[in-house]
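Asker: Got a predicted structure here, sequence first:
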Amino acid sequence: MFHRIRALIIKELLALLRDKKGRMVLIVPPLMQLFMFSFAATQEVKNQTLAILNLDRGQPALTLEQDFTAATTFSRVIHLQRSEEIPAVINEQQAIAVLWIPPNFSRDLEHGQTAQASFILDGRKTNAAQIIQGYAGRIIDRYRTRLADKGQQSGINIVARNWFNPNLDFRWFTVPSLVCILTTVIGLIVTGLSVAREREMGTFEQLLVSPLHPLEILVGKALPALLIAMLEGSLIVVVGVLLLRVPFNGSLPLLFGSMAVFLLAIIGVGLFVSSLSMTQQQAVLGVFMFLVPATILSGFASPIENMPHWLQTISYANPLRYFMTIVRGIFLKDVPVAVVWAQTWPMAIIACVTLSMATWLFKKRME
Amino acid sequence: MSNRLRRMSALIRKEFAQIRHDPSSLMIAFVLPVILLFLYGFGVSLDAREIKIGVALQDQGKDADSLTAAFLASPYFQAHISRDEQLLEQELVAGRLRGLVVIPMDFSRQVEKDGASAVLQVIADGSEANTANYVQNYAQGVVNTWWAMRQRNHAVWDQHGAQLATRIWFNPELESRNSLIPGALAIIMAIIGTLLTALVVAREWERGTMEALMATPVAISELIIGKLLPYFILGMMAMLGSVAISVTLFDLPFRGSLPALLLSCGAFLLAALGQGLLISSASKNQFIAAMIALITGFLPAFLLSGFIFEIASMPPVIRALTHIIPARYLVTNLQTLFLVGDVWSLLLPNIGILLLLAAVLFFLTARKTVKRLR
Amino acid sequence: MANESLVIEDLTYGYGKHLPLALSALSATIRPGIVTGLVGPDGAGKTTLMRLMTALLLPSSGLLTVFGLDTCSNASQLHEIIGYMPQKFGLYEDLSVIQNLCLYADLRNVTTTDRRQVFARLLAFTGLESFQQRLAGRLSGGMKQKLGLACALIRKPRLLLLDEPSVGVDPVSRRELWRMVEELVDEETAVIWSTAYLDEAERCQDVLLLDEGRLIFSGPPQNLSERVADRCFQIQGISGNRRQVLARALQQQEVQDGIVQGQNIRIVLRAGHGQPALSVLDAGSEARLTPVVPRFEDAYIDTLGGGPGGTSLLAAAMTSLPRNRDVIVEAEGLTKRFGSFTAADDVSFTIRRGEIFGLLGPNGAGKSTTFKMMCGLLRPTSGTGRVVGLDLQKAPGKARSRLGYMAQKFSLYGDLSPRQNLDFFSGVYGLTGAHQKETVARMIDIFGLTPHLTNSAKDLPIGFKQRLALACSVMHEPAVLFLDEPTSGVDPLTRREFWTHINGLVEQGVTVLVTTHFMDEAEYCDRIGLIYRGRMIASGPPDELKTQTRSPQIPDPTLEEAFITLLQQWDAKHEEAP
């Protein structure tokens, strides 16, 4: 039995790797995605354009204007002359925000009255608007503190610390997430297409008339996919750490151990899709139907805590959710074994379910 | 009916009959959009509310208590109070807390003396950079408000002074689904236009039906239109259905006009279809075609269209690249149509660019496709 | 111009700089009013020539004109007057019969008014009236071919091009296809029929014979057959083992080519040699040499320099199995139902050791279903299949390890090299260590695979693919070989080599179950089972079936005629008794 499975594994690996095109498909797209994502996928807000309409000639108004233009978020400033220009600037997305200082701002301040400036944001860009709103709040607070009389007490001194990622470098978040997503893609594609391809090529019958047991065929499909996806995962870890300079603080054995469990769950899904589809086209689309929701519900694009409860409940069935937590934890936090284990056993249960479903369907569709 | 028209309508009818028969293309055109909309409508939300944080309360003074109460009351946080800072730190490592506010031992005493000498520590879990940002911002907000209230109560706070009135146009509640769903629509149409089209043309080559078609009097332009129109209609149907769902189910406003919507989406679909046709004329193998379509169609629509990730924050090279990504223009137009209205001065140039991109893609396709086998 | 519908002048075509020319310096003319056969081994350039004629490829050099239209400059006018049926039919499998017809009618500008007549005529012509709403993908192979032909005939073409229309088609459908095409031919129309089956070439009035991109013969097939006029004989009245007689005959210097024909053996003598001595062949006292009419195939093999020898190194390398007459393969009341449709109904047969048993039958009659149940690919609804005494359902692994299987189309791993394929299949069948290495090395040696070891299997020439497939299925020295249309679409030379090996293996005690549409192949069988409408309607040695169907009209039926008569008889009987 061992020999037969070994023959299957060697065959599967050769079929995937012998052809130059096949190798390219396994290596180039994931790396391209890694680079594109790690540079492009950022929720930081930089290089924004601010429009300023300052109708006040006074020094305090000028200081406020300078405080805003000095902020690193804004790399470009448009100066407006009249309030009528504001709608066009926002509507046409020439600027994300407008700071509007009314003519009596300095005078009001000097008279000790409320001096109100307006800050208008483009609500189309939710994330950017939200973050810039926060920045603006801080700028005005600082401004007030500076202007405040000595008799007034300044605010509390807050020491802001960001553990595990002191500068909140977004790439430190993206790269570990990509390790998860790309291993998922590879695991799914390799297994999802494998049975369908053999069906189309006619080699599947050849396997079925051999003394191989269906379970052996499945193991022979699952192990090479596991191996390749693990290698792919390691490649991405290496590129991420060496080229993209993301720190790796945790333990490698823990990473690979949990990766194996995770991949078994994914491979179960892939084999299920594969047993279901008669053609490669159906397999590709089937893989897609799983991949898109799984990624969205993984906590990559948005935190799971932000989702409504019923969706959070559904996300417990998504192996990617657990693995995402583990990989980020291992990369940046050096999480202890207990934490990893707490995320691993649910994946093990999912793996059991998906693999047995794949086996059941595979056997059922053997004819 | 002229021969040309009859041939084209025959090809179009054939394509629809095939779409009807193939469950996988129906799934992609009608089921996946619904799933995507649901997930984006309910699931993906960038609005952080009830972020789980810990408050390590090491001081027993009055001010420490009232600050803790302020954190508990904040709608942005779900605060867990503990005296054991280490325990909370472990929770932070395990990912069960996203941030930690440490109120040190002599906090109240220091506050009483002088606010500036009171030190408060806010620790955020940087492994989720975006959430960490929110934690820091919101925590600051809570502390500032609390401080202002306290000063007011102590009558030392000047209620006047500089204030900033922030107004958010179009989307005052900053509902992230309002900007995400238009992006999801772009993804749906990119999938139908590029992925599905590339797959079905490659399939004709693989099954040998293209060879039979080419030996008939059908002209190459008829073949292209015969492929284009059905998927154009399919894409438009999926789009209109999705817009209807967004407006009725997810309460998205729709402030633009139908013609502007049809024009924007039509121009985008032309570009997406052109891309799909170009891919399939370059690769006659379904697997490779699917791969190229994913990388050049789906991923950029997801990544470089600016609907989740801010284009302005990307490095210059990638920012330059986004200019040839059709989805970028569609996302802007859709967000504007949903939230603002018919801003023609913004919409028209974008539609123009989309049509230009489509023209270039069709030009390349037409140059590559001749009525020959190679 | 009137009697030259197609003129080819010095036509050359190459797919790439580093590849050998697919066609080189070809010149020929094709006349209207007849069926012109385009024959040659696989890879000879038949499909390339077809595509050049349809202007789907343009010549690298040279000229090709169809009814005065140059394919380079007048492609669109050309497409108005041709009908083309590519190898894969060009049908949309997910559309219904009528949808396919409508599509091609529209594409060929047949308007609605004409259409009713045209469709009625074509549906009657093809016998597809009752299947109009069925999806093309659900049609049997023969019906697909007929539909493909109907689509090509929607507007009566002046040039009809058929690319291997008869691959995988049963004799009945094949005849109908011919009848349809022959009815169509008139003074105005030219038909080109490409085929690897040489009995079909014989039916053509004119033949173009291609080999490696070169035209090696053109003219009426009889002209080629004449070159072997006095050299064709049948050894009749053989009392010994005819396979051994064939092997011995092929070792004689005088014999150039030989095949089994039922109980007899057909041989072609080498030019300038006399007859071989019958005593050497050890064919029994009754044996005699009878001159027979030469066939195109005899001449074809002769032109290409003769067939392979009669000895199989493969068989020699195999350990021979015990010589007894045990029942090795046994089907007992095999029945398979798909919903309300019964694909196979109570099929029973036994095959003894060292026997070749052929399953014949029209497309869709249940032949493949039966075959698949016998090798364990389908679970029978009732009944059992046993191999070497093992029930395929109860001990599938054990039973399967005793059988070798060769699929209809090439179904090895195309992306793997021949050696990797051999390694894989030997491993799957449980060969290990030194024994595995030796076996693989021996296969490479026997089948001459050494020069191709680093190529991908999918890029091998067809003959080598065939060899590799056979090698992969026999490495574990199976007691039973299951062959599913093993030589469909393969040229006669490769087929001869294949059967030499099979005959050799059978002599070593291997039992063979083979399905085929190809009557030459059926002649090799010891016994034949004819499957029709899910039942086994006749079985016995080929000669016995021929004798059974002897009639005043057909006093000496060929196997194909016997086959058709048996089906007709069954139909007649079952129509009388409802």
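Answerer: Arrived safely, thanks for sending. Residues are numbered from 1 along each chain as shown, chains lettered A, B, ... in the order given.

Asker: Now do the residue in the stretch 201-350 of chain B that chain C sits nearest to against residue C:72, distance only.
Answerer: For the stretch 201-350 of chain B and chain C, the shortest gap (CB to the nearest CB) falls at residue B:212, measuring 2.3 Å. The way it works is simple: take the backbone N, C-alpha and C, and place the C-beta from them, glycine included. Separation of residue B:212 from residue C:72 (CB to CB, to the nearest Å): 21 Å.

Asker: Those two: which is more packed in?
Answerer: Using other CB atoms under 10 Å in any protein chain shown as the criterion, residue B:212 and residue C:72 rank with residue B:212 on top: 24 against 12.

Asker: Leaving out chain neighbours, which residue sits closest to the more buried one?
Answerer: Distances taken as CB to CB, 6 or more residues apart in numbering or on different chains place residue C:90 nearest to residue B:212, at 2.3 Å, with adjacent residues excluded.

Asker: Can you give me the neighbour number for residue 178?
Answerer: You didn't pick a chain, so chain A it is. Count around residue A:178 with other CB under 10 Å applied: 28.

Asker: Sorry, I should have been clearer: chain C.
Answerer: Counted with other CB under 10 Å, residue C:178 comes out at 16.

Asker: do residue B:5 as well
Answerer: Counted with other CB under 10 Å, residue B:5 comes out at 11.

Asker: which SSE is it in?
Answerer: Assigned by DSSP states H and E, residue B:5 belongs to helix B:3-21.

Asker: do that helix and chain C meet?
Answerer: Yes. Helix B:3-21 reaches chain C (CB under 8 Å from any CB of the partner chain) through B:3, B:6, B:7, B:9, B:10, B:11, B:13, B:14, B:17, B:18, B:21.

Asker: How about the helix or strand hosting residue A:205 and chain B, any contact?
Answerer: Residue A:205 belongs to helix A:203-208 when assigned by DSSP H and E. No. Using CB under 8 Å from any CB, helix A:203-208 never reaches chain B; the gap is at least 15.8 Å.

Asker: any idea how far that helix is from the chain center?
Answerer: 39 Å (CA atoms, centre = their mean, to the nearest Å).

Asker: Convert it to PDB, retaining C-alpha atoms only.
Answerer: Below are the C-alpha coordinates for helix A:203-208, written out as PDB (Å, rounded to 0.1, in the frame of the first residue of the first chain):
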ATOM      1  CA  THR A 203      -6.600   8.900 -17.000                       C
ATOM      2  CA  PHE A 204      -9.100   8.700 -14.200                       C
ATOM      3  CA  GLU A 205     -10.500   5.400 -15.600                       C
ATOM      4  CA  GLN A 206      -7.000   4.100 -15.800                       C
ATOM      5  CA  LEU A 207      -6.600   4.700 -12.100                       C
ATOM      6  CA  LEU A 208     -10.000   3.200 -11.300                       C
END
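
Asker: moving C-terminal of that helix, what's the next helix or strand?
Answerer: Immediately after helix A:203-208, counting by DSSP H and E, sits helix A:214-242.

Asker: Mind checking what secondary structure the residue nearest to the spatial centre of chain A has?
Answerer: Nearest to the mean C-alpha position of chain A, by CA atoms, centre = their mean, lies residue A:300 at 3.3 Å. Secondary structure for residue A:300, judged by DSSP: H, G, I helix; E, B strand; the rest coil, is coil.

Asker: just to revisit the earlier point, what does the helix holding residue B:5 rub up against?
Answerer: By CB atoms under 8 Å, 6 or more residues apart in numbering or on different chains, the surrounding residues in contact with helix B:3-21 are B:1, B:25-26, B:29, B:200, B:217-219, B:222-223, B:225-227, B:229-231, B:234, C:92, C:94-95, C:99, C:102-103, C:105-107, C:109, C:111, C:135.

Asker: hmm, the next helix or strand after it touching chain A?
Answerer: Note on helix B:3-21: by DSSP H and E, the next helix or strand toward the C-terminus is helix B:23-26. Yes. Helix B:23-26 comes into contact with chain A (CB under 8 Å from any CB), by way of B:23, B:24, B:25.

Asker: wait, doesn't the second one sit right on residue A:282?
Answerer: Spelled out, that is residue B:24. Yes. Look at residue B:24 against residue A:282 with CB atoms under 8 Å: they come within range, at 4.7 Å.

Asker: before we move on, the earlier item: closest to chain A among the residues of helix B:23-26 next to chain A?
Answerer: The closest of those, once distances to chain A are taken by CB to the nearest CB, is residue B:24, at 4.4 Å.

Asker: What's the mean pLDDT across the longest strand along chain B?
Answerer: In chain B, assigned by DSSP state E, the strand with the most residues is strand B:161-169. For strand B:161-169, mean pLDDT is 78.

Asker: now swap in stretch A:228-243 and tell me
Answerer: On average, stretch A:228-243 scores 93.

Asker: Does it reach chain C?
Answerer: No. Using CB under 8 Å from any CB, stretch A:228-243 stays clear of chain C, coming no nearer than 15.0 Å.

Asker: Name the residues that touch that stretch?
Answerer: Counting by CB under 8 Å, 6+ apart, A:13, A:16, A:26-27, A:30-31, A:34, A:38, A:175-176, A:178-179, A:182-183, A:186-187, A:190, A:246-248, A:255-256, A:259-260, A:263, A:266-267 sit against stretch A:228-243.

Asker: Show me what counts as buried in that stretch.
Answerer: Neighbour counts over stretch A:228-243 (16 or more other CB atoms under 10 Å in any protein chain shown) mark A:228, A:229, A:230, A:232, A:233, A:234, A:235, A:236, A:237, A:239, A:240 as buried.

Asker: With just CA atoms, put it into CSV.
Answerer: Extracted in CSV, the C-alpha atoms of stretch A:228-243 (Å, rounded to 0.1, in the frame of the first residue of the first chain):
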residue,chain,number,x,y,z
ILE,A,228,3.2,21.8,-2.6
ALA,A,229,1.1,24.2,-0.6
MET,A,230,3.4,23.9,2.3
LEU,A,231,6.4,24.7,0.1
GLU,A,232,4.5,27.6,-1.4
GLY,A,233,3.7,28.8,2.0
SER,A,234,7.3,28.6,3.1
LEU,A,235,8.4,30.4,-0.1
ILE,A,236,6.0,33.3,0.7
VAL,A,237,7.2,33.4,4.3
VAL,A,238,10.8,33.5,3.1
VAL,A,239,10.1,36.2,0.6
GLY,A,240,8.0,38.2,3.1
VAL,A,241,10.7,38.1,5.7
LEU,A,242,13.8,38.6,3.6
LEU,A,243,12.5,40.9,0.8
